[in-house]
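Novice: Have a look; sequence and predicted model below, questions after that.
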Amino acid sequence: MILGMVSMLALIWMTPSVPGVKVGQKARDFQLESLSAATQGPVSLNQLNGKVILLDFWATWCEPCRDELPELDRLQKKYAREKFVVLAVNVDNQAETARAFLEKYNIRLLALWDRHKTVVSAYDVQRMPSCYLIDANGKVRFIHYGFAEDYIKAYENEIELLLGEMSRDRGAAAGTPAGR
Amino acid sequence: MTAVPLPERPPAAKIHQRRFYILCLLLAAALGLSGCVAVKPYQREYLADRIMDFSADQSEDGIERHWVETREGSSGGLGGSGGGCACN
């Protein structure tokens, strides 16, 4: 019985170490259901290969997330002609809450619902919101925690850098000068 | 040669009682520790609810604190800085 107790204590203390995803690492693939009726079926990260992705983890109960989301919507519209997509992964307990929020603020992002919080825990998100910028090769290049107004300028600079790299790579592969 | 008397062993019932207390203590510790979990930022939906806040409106709370301190001449009495002149 004492052995049982000791192993129980050991289990309590031994919290599983979640590696998470760090800058320079390959973004972990996932498949989640969409919150918007326009998108049919689940959406996976690999499905968006070859695009610059802004992966954002948000929730309706998180105040900075509520400030950030309309800005991300604006970014998506700004770069609509580019190979760029914002993936807004919601972690609310109820999908309806998230849908109502998106509807109310007329946010037309590709929003997904992490029902069991498996993706957010796989990425080991340390703050809400957390934003991962993924390049066209599927590598995480920048991570931002939280949100402040001046983050948007940083996002724009980084998106443009990654889009520039992508077009340079494509140009080099095709043997033509770089250009978007 | 004199025989050294062996120390008297506690009765079996007493040993069992002691073991029982130790086990109870360990069980209580295990149960207590199992309540210590780190809540991840994405698991704070219920904690972020307004009902979990001590004050319903923090800005209103600040204003109320200010006029209570002014009325009572006790600026800083609730933890803020000041010398009681109620001028801050």
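Specialist: Right, received. Where do you want to start? Note that the structure is predicted; figures quoted are calculated from it, not measured.
Novice: How is A:Ala88 assigned, secondary-structure-wise?
Specialist: Secondary structure for A:Ala88, judged by DSSP: H, G, I helix; E, B strand; the rest coil, is strand.
Novice: What's the local residue count around it?
Specialist: For A:Ala88, the neighbour count with other Cβ atoms under 10 Å in any protein chain shown is 26. From N, CA and C alone the C-beta is placed, and that goes for glycine too.
Novice: Identify the single longest helix in the chain, thanks.
Specialist: Picking chain A for this. helix A:151-174 (DSSP state H).
Novice: ah, I was thinking of chain B
Specialist: helix B:12-34.
Novice: who does that helix touch, helix- and strand-wise?
Specialist: Under the contact criterion of 3 or more Cβ pairs under 8 Å, 6 or more residues apart in numbering or on different chains; DSSP states H and E, helix B:12-34 touches helix A:2-13.
Novice: and the next helix or strand after the longest helix of chain B, C-alpha only, in PDB?
Specialist: Per DSSP states H and E, helix B:12-34 leads on to helix B:58-72 as the next helix or strand towards the C-terminus. C-alpha atoms of helix B:58-72 as PDB (Å, rounded to 0.1, in the frame of the first residue of the first chain):
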ATOM      1  CA  GLN B  58     -13.000  47.300 -11.100                       C
ATOM      2  CA  SER B  59     -13.000  51.000 -12.200                       C
ATOM      3  CA  GLU B  60     -16.100  51.600 -10.100                       C
ATOM      4  CA  ASP B  61     -14.400  49.900  -7.200                       C
ATOM      5  CA  GLY B  62     -11.400  52.300  -7.600                       C
ATOM      6  CA  ILE B  63     -13.700  55.300  -7.500                       C
ATOM      7  CA  GLU B  64     -15.500  54.000  -4.400                       C
ATOM      8  CA  ARG B  65     -12.200  53.400  -2.700                       C
ATOM      9  CA  HIS B  66     -11.100  56.900  -3.400                       C
ATOM     10  CA  TRP B  67     -14.200  58.600  -1.900                       C
ATOM     11  CA  VAL B  68     -14.200  56.300   1.100                       C
ATOM     12  CA  GLU B  69     -10.600  57.300   1.700                       C
ATOM     13  CA  THR B  70     -11.400  60.900   1.200                       C
ATOM     14  CA  ARG B  71     -14.400  60.800   3.600                       C
ATOM     15  CA  GLU B  72     -12.500  58.900   6.200                       C
END
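Novice: which parts of helix B:58-72 are buried?
Specialist: B:Arg65, B:Glu69 (16 or more other Cβ atoms under 10 Å in any protein chain shown).
Novice: So that helix, near chain A or not?
Specialist: No. Using Cβ under 8 Å from any Cβ of the partner chain, we find that helix B:58-72 stays clear of chain A, coming within 12.0 Å at best.
Novice: before we move on, back to that, and the longest helix of chain B, how far out from the chain's middle?
Specialist: On the basis of Cα atoms, centre = their mean, to the nearest Å, helix B:12-34 sits 23 Å off its chain's mean C-alpha point.
Novice: What average pLDDT does it get?
Specialist: Helix B:12-34 carries an average pLDDT of 86.
Novice: so where's chain A uncertain?
Specialist: A:1-18, A:176-180 (pLDDT under 70).
Novice: how about 50 then?
Specialist: Across chain A, the ranges flagged by pLDDT under 50 are A:178-180.
Novice: where exactly do the strands run in chain A?
Specialist: A:31-34, A:42-44, A:52-58, A:84-90, A:110-113, A:130-134, A:140-145 (DSSP state E).
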